Structure formats: structure tokens, C-alpha cells
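> Attaching a predicted model along with its sequence, questions to come.
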Amino acid sequence: MDEDIQSSVLELTGANVSTSYISCPADPSKALGIKHPFLVLVVKNLHQYFTFEVQVLDDKNVKRRFRASNYQSTTRLQPFICTMPMTLDDDWNQIQFNLADFVKRAYGTSYVETLRLQIHANCRLRRVYFADKLYPESELPADFKLFLPVQRTATLASGAGHPVADPAQMGGGAAVDEAWDADQSPMPQEP
């Protein structure tokens, strides 16, 4: 039970972030097959190392992984994995991850589906869900809302540590839609 939001949560803790995690599906040979391009995580910052990884399939039938962590300072793009820094506010955060946009920017391909999700220590999880679009807080079911006096959001940051999302664009928080170092990124640019 989290005292701040008066709700049951799942707490993931461990001394070794790489070996302390939950994954879905549990069987590595199976896939989620989720077509919705927005991944939303409602997590509490425990002020320790934290990371999550999502594996997607693109329209070239290539499996790509995206890993966000609060202990990395620069974005790294490799053929099958993109790792990026993430900045969390104190207490509760809503991380909104636009998978279709990340696949397009990183690899120049189109998002098809989500295959796997791994959430590593250290955090508290209130909710994890996929959506077809970002919904304003007023349109979310009660179980998907985070009841706080002030809404907290998380953004993936560039290597310089600057927030990259514009909270004014989102009805319920900041979207995570850019995380590229300008000097490292061979990504296609939007017009």
C-alpha cells in the first residue's frame, strides 16, 4: 500500500538492476502482440537506479528494443537496441512512451506491434497499459488515474539533461517523444 496515493502498488527492488525485473510475457518464446503504439507507466521514483525495456516489431520484420534508464547520460543507437536517459520527478511519475514515433525516428521504419516488456528495479508500479492514443486524465477510467494534488510526469531527456516534451501538448502530462543527442543521432528529422 502506497501512503501517498492510498492504493495497492507493486514494488520492485533489488541490489542488481539487471537481474531484478518483471517481464511480460513470462515465457521468452512468446509475444504480447499488442498493436497500440502508446506505452504508459505510472511509477514512483525510489531515488535508486531504475530502467525499463520494450521490444517491438517493425514493418521490416526486425525486432527492436528501447531501453530507458535513470542512470544513463547519453542516447546510444545500435542496429537492434536504442538506449536513452530518463529523468524522473520526485514521487509519482506518468511515463508516456510513443513507440511508433521512436521506431520511426530511430530506425526509419514503422511500428507494427509490441512483443515484450521488462520493468527492472527500483520503482513502485501503480499501472502499466497500452493505448491507441494519449487520453486526457478526464477520459481515463478511475483505475488508470493517479490521484495526486499535482500531476507528476517523466520525460526522457537528451544527453544535456533537458526535458524534451512539452506538457502543454498533452492533456494529462508530458509525452516522451524525443530523446536523441543532436550530435549522435543519425535519425531522420521531422519536417
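Looks like it arrived, so ask away. Values in this document were obtained by computation on a predicted structure and should not be read as measured data. Residues are numbered from 1 along each chain as shown.
> So Met1 versus Arg124, what's the distance?
Distance, Met1 to Arg124, using C-beta to C-beta, to the nearest Å: 10 Å. Every C-beta, even on glycine, is put in place using the N, C-alpha and C of the backbone.
> likewise Asn93?
Distance check for Asn93 against Arg124: by C-beta to C-beta, it reads 10 Å.
> More neighbours: the two, which one.
Between Asn93 and Arg124, Asn93 has the larger neighbour count (other C-beta atoms under 10 Å), namely 25 against 20.
> secondary structure element for the more buried one?
Assigned by DSSP states H and E, Asn93 belongs to strand 92-98.
> now do Thr114
Here Thr114 sits within strand 111-120, counting by DSSP H and E.
> Tell me the buried residues in that strand?
By 16 or more other C-beta atoms under 10 Å, the buried positions in strand 111-120 come out as Tyr111, Val112, Glu113, Thr114, Leu115, Arg116, Leu117, Ile119, His120.
> Quick check: the farthest pair among these?
By the measure C-beta to C-beta, Val112 and His120 form the most distant pair in the buried residues of strand 111-120, at 24.7 Å.
> which residues touch the nearest residue to Val112 once chain neighbours are set aside?
Leaving out its chain neighbours, the residue that sits closest to Val112 by C-beta to C-beta, 6 or more residues apart in numbering is Leu57, at 4.7 Å. Leu57 is in contact with Ala31, Lys63, Arg64, Val112, Glu113, Thr114, Leu115, counting by C-beta atoms under 8 Å, 6 or more residues apart in numbering.
> repeat that for 7 Å
Leu57 makes contacts with Lys63, Val112, Glu113, Leu115, as judged by C-beta atoms under 7 Å, 6 or more residues apart in numbering.
> Any figure for the gap between it and Pro85?
Counting by C-beta to C-beta, the separation of Leu57 from Pro85 is 25 Å.
> re earlier: pull up the overlap in contacts between Asn93 and Arg124.
Shared contacts of Asn93 and Arg124, defined by C-beta under 7 Å, 6+ apart, comprise Val43.
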